[in-house]
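> Any chance you can model this:
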Amino acid sequence: QGVLVPGLGTFAVVHEQINGTEEVYTVRRPVFQLDMDMSCLRELVFPSVMIPGGTEIMPLDYWWLSQTNSLPPDMVKSCVEETILLYSFQLRTRQCPAFAFKNIGILSCQDNVLCMHFYCSCIAELESQDLWVALLLS
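You can find the predicted model right below:
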């Protein structure tokens with residue numbers, strides 16, 4: 001399952017098979033597929049991540065987010081939209097700040113490369129069986 005953050009991109013979990021020396025490991029790892037206006041990404045490089053076709057993508061649940069911070073859903077939606085607009089403006093003007101997602105990771109731009117770095121704790125929560133393989137892949 002994945003979550004679409006409109007104007008920014010999609011977070012999802014993918015299953016990946018890795019051939020070890022003696023066995024095949026199947027791990028779950030987080031991915032982020034950027035979906036921003038390309039005009040604001042001029043001269044920026046970002047890894048192309050493909051989320052498998054059968055993955056269910058859900059829209060960001062503003063009501064659930066509003067329950068976590070006691071703000072009305074429409075205010076949460078406005079805050080998310082304004083934050084994404086501000087971030088895209090900053091990318092366009094080459095300010096390149098880091099964008100932190102609580103308990104998930106950081107979207108950052110270094111040397112004109114825009115990349116999502118997932119926290120080890122996020123990866124560990126997704127993959128308990130072959131954690132080290134999943135950490136090495138991310």
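
> any low-confidence regions in the chain?
38-40, 127-138 (pLDDT under 70).

> what's downstream of the longest helix anywhere in it, the next helix or strand?
Taking DSSP state H as the criterion, the chain has its longest helix at helix 73-92. Using DSSP states H and E, the helix or strand that directly follows helix 73-92 along the chain is strand 99-101.

> center of this structure, which residue is that?
Computing the C-alpha centroid of the chain and ranking residues by Cα atoms, centre = their mean puts Phe32 first, at 3.6 Å.

> how about it, what does it touch?
With contacts defined as Cβ atoms under 8 Å, 6 or more residues apart in numbering, Phe32 is in contact with Gly9, Thr10, Phe11, Ala12, Val49, Gly105, Leu107, Met116. Yep, even glycine has a C-beta here, placed from its N, CA and C like the rest.

> Let me see the residues that make contact with the longest helix of the chain.
The contact list for helix 73-92 (Cβ under 8 Å, 6+ apart) reads 5-8, 36-37, 39-42, 44, 60, 62-63, 65-66, 69, 71, 96-97, 99, 109, 114.

> Please apply the same query to stretch 112-123.
The set of residues external to stretch 112-123 that reach it, using Cβ under 8 Å, 6+ apart, is 29-32, 34, 41, 43-47, 91, 103-109, 131, 134-135, 138.
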